[in-house]
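**Q** Requesting a structural model of the entry that follows:
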Amino acid sequence: MKKVLIINGANLNLLGVREPEIYGDKSLDEIIAMLQKEFPLCIIDEKRSNIEGEIIEAVQMADNLFDGVVINAGAYTHTSVGIRDAIAAVRVPVIEVHISNVASREFFRSKSLLSSVCKGTISGFGIQSYKLAVYSLLNM
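**A** Here you go, the predicted model:
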């Protein structure tokens, strides 16, 4: 049975409340429940934090405990060299996820520091982006 870690970063604890026209009306708890239902033969664990260092530690820890990582670092996607370096340092495959199409939004969101060290990036499919990422990890 494969194990996947879902990491959610800055402000994603506000999903379901924050700008639902962009991010939808589902909470992180609802998204995780959807993934667990969709992939019953996979262990889905999660880490959520607004603290950059905790996200770095979660990526590092995942290397020995998980078969894959899905990360939505939120705003840290565009600013965190530390998270980028942690992803580059681990052997576990990491897929970057965004609910909205960040390339079609504000200019500062169009550059990801993480994409170049991730196995792939899925963006713009709403909460289905998470589902597509888990599916991709399970089928590598």
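
**Q** Could you measure from the residue lying closest to Cys118 once chain neighbours are set aside over to Met34?
**A** In this structure, Cys118 finds its nearest non-sequential neighbour in Glu96, 4.3 Å apart by CB to CB, 6 or more residues apart in numbering. No exception for glycine: its C-beta is placed from N, CA and C like everyone else's. Distance of Glu96 to Met34, given as CB to CB, to the nearest Å: 19 Å.

**Q** higher neighbour count, those two?
**A** When Glu96 and Met34 are compared on other CB atoms under 10 Å, the one with more neighbours turns out to be Glu96, at 25 against 16.

**Q** Specify the local secondary structure of the more buried one.
**A** Here Glu96 is recorded as strand under DSSP: H, G, I helix; E, B strand; the rest coil.

**Q** where does it land on pLDDT?
**A** You'll see Glu96 listed with a pLDDT of 97.

**Q** Let me know whether it touches Ser116 as I believe.
**A** No: between Glu96 and Ser116 there is no contact under CB atoms under 8 Å: 9.9 Å.

**Q** shared neighbours, the two?
**A** Residues touching both Glu96 and Ser116 by CB atoms under 8 Å, 6 or more residues apart in numbering: none at all.

**Q** the bottom helix or strand of the chain by mean pLDDT?
**A** Within the chain, no helix or strand scores below helix 20-23, which has a mean of 80 by mean pLDDT, DSSP states H and E.

**Q** Render the CA-only coordinates of the longest helix seen in the chain in CSV, please.
**A** Identified as the longest helix of the chain according to DSSP state H is helix 52-65. The C-alpha coordinates for helix 52-65 follow below in CSV (Å, rounded to 0.1, in the frame of the first residue of the first chain):
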residue,chain,number,x,y,z
GLU,A,52,7.9,27.9,6.5
GLY,A,53,10.3,25.8,8.7
GLU,A,54,7.6,23.3,9.5
ILE,A,55,6.9,22.8,5.8
ILE,A,56,10.7,22.3,5.3
GLU,A,57,10.7,19.7,8.1
ALA,A,58,7.7,17.9,6.6
VAL,A,59,9.4,17.6,3.2
GLN,A,60,12.6,16.3,4.8
MET,A,61,10.8,13.8,7.0
ALA,A,62,8.7,12.5,4.1
ASP,A,63,11.8,11.1,2.3
ASN,A,64,12.0,8.1,4.6
LEU,A,65,8.3,7.6,5.3
